[in-house]
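>>> Attaching a predicted model along with its sequence, questions to come.
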Amino acid sequence: MSATIQPLSPTQRMYPTVGIVGVGLIGGSLGLALQHHHLATQVLGSGRSAANMAEAIKIGAITQIATLSEIAEQAQLIVLCVPVAQTKAVLEQIQPQLRPETIIIDVGSTKSDVIAIAKEVLGEQIGQFIPCHPIAGGAQHGATAARVDLFEQRQFIICPLLENAPQAIQTVEKMWQQLGSTVFQMSALVHDHIFAAVSHLPHLLSYALMLQVANSEDAQAKFAHAGAGFRDFTRIAGSSPEMWRDITFANSEAILEQLDDYILILQHFKKLIQDGNSNQLEKLLNIASQSRNNWKG
Ligand SMILES: NC(=O)c1ccc[n+]([C@@H]2O[C@H](COP(=O)([O-])OP(=O)(O)OC[C@H]3O[C@@H](n4cnc5c(N)ncnc54)[C@H](O)[C@@H]3O)[C@@H](O)[C@H]2O)c1
Ligand SMILES: O=C(O)C(=O)C[C@]1(C(=O)O)C=C[C@@H](O)C=C1
């Protein structure tokens, strides 16, 4: 845990120059945190929107705006913090200048698709790519939403490739531990299955409920009187539509499985309500309530 990890001296910095591609919520928070913990001397940032990059400089998330070529030439660590469907375009631009000692990691919410793209673009250099995913975030997006403490007391997942050097994985692990995260390793398949259930499906459900209420004739009255339950359930419906469109299609197989199971439960609930079967409904609500109350998340 972060409390037991000693800070590094400047000479021990693992990656003196870090390049962040996509300086939004995650990229911006990483830039702030790396500098706060003195883990990088220079943080180069590359992005798609000039206004967002200006904000990234203003809040100090990056020390300099750079092109992808400059990042590939100068950074010891490159972190891809773009929506997952942008991975291919970014890697294709980095690959021609990629130095053999540079490590690339990503923070994408899906892993199998990102790994397939990285293998396709990087070919024999795939060992330099370490697939990652911080389980930290929020519904706001862009550099304005960046937070220096975003990764503290959060999980960080690595889905190592056979081609990755153990030493390179250890260095990435150590960096995220210094940022306050607890690091776990798992396969991409297991990762995508788990997060389809506990992250991707909940986001789709939240968007769906928001749509249902917003599209109803008396939407104004509903919004005017909605309380904490609706607010909690729909918080994540304010998340980036581009990011969630990409995640949904990147992990569609696992998400569809979870969606089918969820629909079965909803249909079962519907039948119990139609039949007036309050005993059975209460039994199921009890199981769910106990599971939620026992969950330490
Ligand atoms: N938001 C979360 O809760 C969360 C949590 C964990 C992981 N992630 C993953 O992190 C990544 C970034 O998410 P975010 O929440 O920071 O989103 P964000 O929208 O805040 O930031 C993404 C940034 O990438 C930039 N960008 C998009 N395409 C680009 C391109 N081709 N080249 C350069 N920059 C480009 C955008 O302009 C934006 O500033 C996504 O892959 C997402 O799946 C998000
Ligand atoms: O805190 C939030 O709002 C989040 O949705 C964060 C959250 C999640 O827990 O589902 C979202 C996407 C990720 O890839 C990781 C974390």
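Here it is on my side, so go on. Numbers count the residues shown, from 1 in each chain. Ligands and ions are numbered 1, 2, ... in the order given.

>>> Which residues are in contact with the residue lying closest to Gln155 once chain neighbours are set aside?
For Gln155, ignoring the flanking residues on the chain, the nearest one in space by CB to CB, 6 or more residues apart in numbering is Ile135 at 4.1 Å. In this view, the C-beta of every residue, glycine as well, is placed from N, C-alpha and C. Ile135 makes contact with Arg154, Gln155, Phe156, Ile157 under the criterion CB atoms under 8 Å, 6 or more residues apart in numbering.

>>> The last one: what secondary structure?
Under the three-state scheme (DSSP: H, G, I helix; E, B strand; the rest coil), Ile157 adopts strand.

>>> Quick check: the nearest residue to it once chain neighbours are set aside vs Arg99, distance?
The shortest distance from Ile157 to any non-neighbouring residue, by CB to CB, 6+ apart, is to His133 (4.6 Å). Look at His133 and Arg99: by CB to CB, to the nearest Å, they are 25 Å apart.

>>> These two: which is more packed in?
Per other CB atoms under 10 Å, whichever of His133 and Arg99 has more neighbours is His133, with 26 against 12.

>>> List buried residues within the contacts of Ile135.
Applying 16 or more other CB atoms under 10 Å to the contacts of Ile135, the neighbour count classes Arg154, Phe156, Ile157 as buried.

>>> Touching, Phe129 and Leu161? I think so.
Yes: applying CB atoms under 8 Å, one finds Phe129 in contact with Leu161, separated by 7.1 Å.

>>> What residues does this structure have near ligand 2?
Ser109, Ile135, Gly137, Gly138, Ala139, Ser199, Ile236 (CB under 6 Å from any ligand atom).

>>> Do a quick rundown of the helices in the stretch 101-250 of the chain.
Using DSSP state H, counting those that start in this stretch, the helices of the stretch 101-250 of the chain run over 112-122, 166-178, 188-195, 201-214, 219-225, 228-234, 241-250.

>>> Which of the ones you listed sits closest to Arg48?
Closest approach to Arg48 among these is made by helix 241-250 (10.5 Å; CB to CB).

>>> so how far is the helix or strand following that closest one from its chain's centroid?
Next along the chain after helix 241-250, taking DSSP states H and E as the criterion, comes helix 252-274. When C-alpha coordinates are averaged (CA atoms, centre = their mean, to the nearest Å), helix 252-274 and its chain have centres 26 Å apart.

>>> Show me what counts as buried in the helix or strand that comes right after helix 252-274.
As assigned by DSSP H and E, the chain's next helix or strand after helix 252-274 is helix 278-294. Residues of helix 278-294 classed as buried by neighbour count (16+ other CB under 10 Å): Leu281.

>>> Next to ligand 1 in this structure, residues from the protein, please.
21-27, 46-49, 52, 81-84, 86, 89-90, 107-109, 134, 137-138, 141-142, 240, 243, 247.

>>> Just the buried residues from those, in PyMOL please.
Here is the PyMOL command that selects the buried residues among those (16+ other CB under 10 Å):
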select buried, resi 21+22+23+24+25+26+27+46+47+52+81+82+83+84+86+90+107+108+109+134+137+141+142+240+243+247
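
>>> So which of the residues of the chain next to ligand 1 belong to strands?
Val21, Ser46, Pro134 (DSSP state E).
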